[in-house]
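Undergrad: Sharing a model that was predicted from the sequence below.
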Amino acid sequence: MTSAPKPALVVASVLSRDLSSTNAAIQAVAEKVGGLSYVSEALPFPWTSYYSGELGESPVRRIIALGRDGDSAGLATLKRTTCRLEVALGRPGAPREVNIDPGVLNEHQLVVASTKPRAHRIHVGQGIFADLMLVARGGGGLAPLPWTYPDYADDTVRTIFDGLRALLLAGRRLDPDHAPDDRASAEEAR
């Protein structure tokens, strides 16, 4: 006997050179994928120099939740859509100007889509891999795993996802009618 998946949120990490570019990318994601229901405050990204050639030395990140239900069955299509957006938001022949990492948050975990195969990632089709990033541990909220990227293991980012998860578990819908700069942080939403 199979059962339908429980409610989940489509989420994404949006990283770009500056806040203006990050916000423009967020609006593009909202238009292409689904309306916004949450946008975090701007977060610094000191975790790695991996993106510095494309996004500069001090990229700006925001975590978003989209105004649509999600499940991991649509992860490959979602990632392919955001990959096309990354190209569309850039200049021809120039390095990538935005990084959009979509995922699905449910009561048990945060799963993020990746184009890079690794031993712990599961291929979900179209060259996309599901990367289990955070898992719920008892009553203590979401916890990192040995392979979790340091930025997702960070207390601030986990607090955001814990707040979104708490709203999801409470059966509350996030309010999609606010502009990104008017949103409360996940801490305030809890």
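TA: Yes, it's here.
Undergrad: Each with direction, which strands does the helix or strand encompassing Val111 pair with?
TA: Take DSSP states H and E as the rule and Val111 turns out to sit in strand 109-114. Strand 109-114 has the following strand partners under DSSP bridges: strand 98-105 (antiparallel), strand 128-136 (antiparallel).
Undergrad: ok, which stretches of this protein are strands?
TA: For the chain, the strands defined by DSSP state E occupy 9-16, 36-39, 43-44, 60-69, 98-105, 109-114, 122-125, 128-136, 142-144.
Undergrad: Most tightly packed of the strands paired with strand 109-114?
TA: strand 98-105 (a mean of 25; mean count of other C-beta atoms under 10 Å). In short, each C-beta sits where N, CA and C put it, glycine included.
Undergrad: Report the inter-axis angle for that strand versus strand 60-69.
TA: Going by axes from the mean of the first three to the mean of the last three C-alpha atoms, to 10 degrees, strand 98-105 is angled at 40 degrees with respect to strand 60-69.
Undergrad: Let's have the strands paired with strand 109-114 in a markdown table, adding mean pLDDT and distance to Asp155.
TA: Output for the strands paired with strand 109-114, formatted as a markdown table (pLDDT from 0 to 100; distance: least, C-beta to C-beta, whole Å):
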| stretch | mean pLDDT | distance to Asp155 |
| --- | --- | --- |
| strand 98-105 | 96 | 17 |
| strand 128-136 | 96 | 12 |
